[in-house]
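Q: Next comes the sequence, and after it the predicted model I'd like to discuss.
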Amino acid sequence: MYENLAILVTFIFLYSIINGGLEKTPVSGAMVYTTFGLLFGPLCFGLLTLKIDAEFLKSLAEMTLALVLFTDAANANLGVLKKSYRIPQRLLLIGLPLTIILGFLFGMVIFKGLTLLEVAILATLLAPTDAALGKEVVTNKSVPDNIREGLNVESGLNDGICVPIIFVFLALASTGGQETSTPILAIKLVAEDIGIGVAVGISFTFIAAHLVRYALKKEWIGETWRQLTVIAMALSCFAIAQSLGGSGFISSFVGGLFLGGLARRKDRKHDFLLAAEGAGDTFALLTWVAFGSVVVGHSIGEIRWQIVLYAILSLTIIRMLPVFLVLTKSSLKIKEKLFIGWFGPRGLASVVFGVIVANKHFPGGKTITMTAVATIVLSIFAHGLTANPLIKSLFSKINTDKADTSLEC
């Protein structure tokens, strides 16, 4: 136990003193975390022997995602979002269903051993994008505001939207596809998932924010405890919504948006969110180290060429073609549409869904989870390595022009 603890905290310390420098390189944090877990885990050096079951990894990934969604949403520029809401609207309402359908069609061709429902589960499992893995893009000021906010909102809501869809497919697969009220079941689950999530996110954040404001005015909150308020708010939004049968992910994101809208001063908002952002980064580190050590280390031998092929298609054609089609009539340039299509990383949401599927013990469950693992690993490295170089090559001229204009003024 103490050997594992010593290795983990030493790694956290070393990464904390170099992460600022790494942010200027193509190497992302998730790449470092996963590689560390893989190298020090049982597959290589065998120094890190984490005894983590699937349920614990799922809970850790859920809390990480809840924190990231809440803080990213709270930092969102609502003024820009009001002007460019059509981008995430098209991505979520049209692009997401098209992505699932296209993933289903490719899955039918590639995985002959899976049932139609298992293929549908796989396509839905890999449809949502990850706010945590996309953080390098949505926080980079070089990326145009409308693209950053569009990707931020898309990743904040698509995982919550996919939850009821995947649960419908799981329910049908469990009953052998004999469910007669499938449309009613689907509508009911979607309405509950989204409705409860939105209601909890807004109502709880409204009450909590005003309580915090009143407590600050009365000087009731100690300096150290002040850092924990946002963390508790984010996780409360998630847990309350989940316990009521709604989407904790949607609740966290909507709660964060609402909190950001209530903030009166941007500088104070950043200071207020700093501890929660740090907690989210720490949770992400632990999640990806565990993923690399426990999951990837034990999965490499199960990867087949069909799985690799589908993983590549999932990150390219299956994602990029629907995005390009739904943004055809927008004012975005071709390179911007391709950029949005490419930066749809798969991560924490797919980890959570993968664990849920693995616990169902379907005949094709191993193929589904191994495909998810391969896609996530490929996404971690492909999106991590290309984020900064693509941003620099595509948007550096835009920023140069802005700087020249400001100098002329």
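A: Done, it's in. What you are looking at is a predicted structure, and each value in this text was computed from that prediction instead of being measured.

Q: Which strands or helices does the longest helix along the chain pack on?
A: Ranked by residue count under DSSP state H, the longest helix found in the chain is helix 365-408. For helix 365-408, the packing partners by 3 or more C-beta pairs under 8 Å, 6 or more residues apart in numbering; DSSP states H and E come out as helix 29-40, helix 116-125, helix 135-138, helix 297-299, helix 305-315, helix 334-342, helix 348-360. Just so you know, the C-beta spots here come from the backbone N, C-alpha and C atoms, and that holds for glycine as well.

Q: now for those, which one comes closest to Thr71?
A: helix 135-138 (9.8 Å; C-beta to C-beta).

Q: so what does the closest one touch, helix or strand wise?
A: With contacts taken as 3+ C-beta pairs under 8 Å, 6+ apart, helix 135-138 sits against helix 54-74, helix 145-174, helix 365-408.

Q: what angle do the longest helix of the chain and helix 348-360 make?
A: 170 degrees (axes from the mean of the first three to the mean of the last three C-alpha atoms, to 10 degrees).

Q: pLDDT on helix 365-408, on average?
A: For helix 365-408, mean pLDDT is 80.

Q: One more: stretch 5-19?
A: For stretch 5-19, the mean confidence score works out to 93.

Q: send the alpha carbons of that stretch over as CSV?
A: Output of stretch 5-19 as CSV, limited to C-alpha atoms (Å, rounded to 0.1, in the frame of the first residue of the first chain):
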residue,chain,number,x,y,z
LEU,A,5,1.2,5.7,-2.3
ALA,A,6,4.9,6.8,-2.5
ILE,A,7,5.0,6.2,-6.2
LEU,A,8,1.8,8.1,-6.9
VAL,A,9,2.5,11.2,-4.7
THR,A,10,6.0,11.4,-6.0
PHE,A,11,4.7,11.4,-9.6
ILE,A,12,2.1,14.0,-8.7
PHE,A,13,4.8,16.2,-7.2
LEU,A,14,7.1,15.9,-10.2
TYR,A,15,4.3,16.5,-12.7
SER,A,16,3.1,19.6,-10.7
ILE,A,17,6.5,21.3,-11.1
ILE,A,18,6.8,20.7,-14.9
ASN,A,19,3.2,20.8,-16.1
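
Q: for that stretch, which positions count as buried?
A: Buried positions in stretch 5-19, judged by neighbour count with 16 or more other C-beta atoms under 10 Å: Ile7, Leu8, Phe11, Tyr15.

Q: Who are the packing partners of the host helix or strand of the second one?
A: Read that as Leu8. Assignment of secondary structure by DSSP states H and E places Leu8 within helix 2-16. Counting contacts by 3+ C-beta pairs under 8 Å, 6+ apart, helix 2-16 packs against helix 29-40, helix 266-290.

Q: Now mean neighbour count too, for these, in CSV please.
A: As requested, the helices and strands packed on helix 2-16 are arranged in CSV below (neighbours: other C-beta atoms under 10 Å):
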stretch, mean neighbour count
helix 29-40, 22
helix 266-290, 19
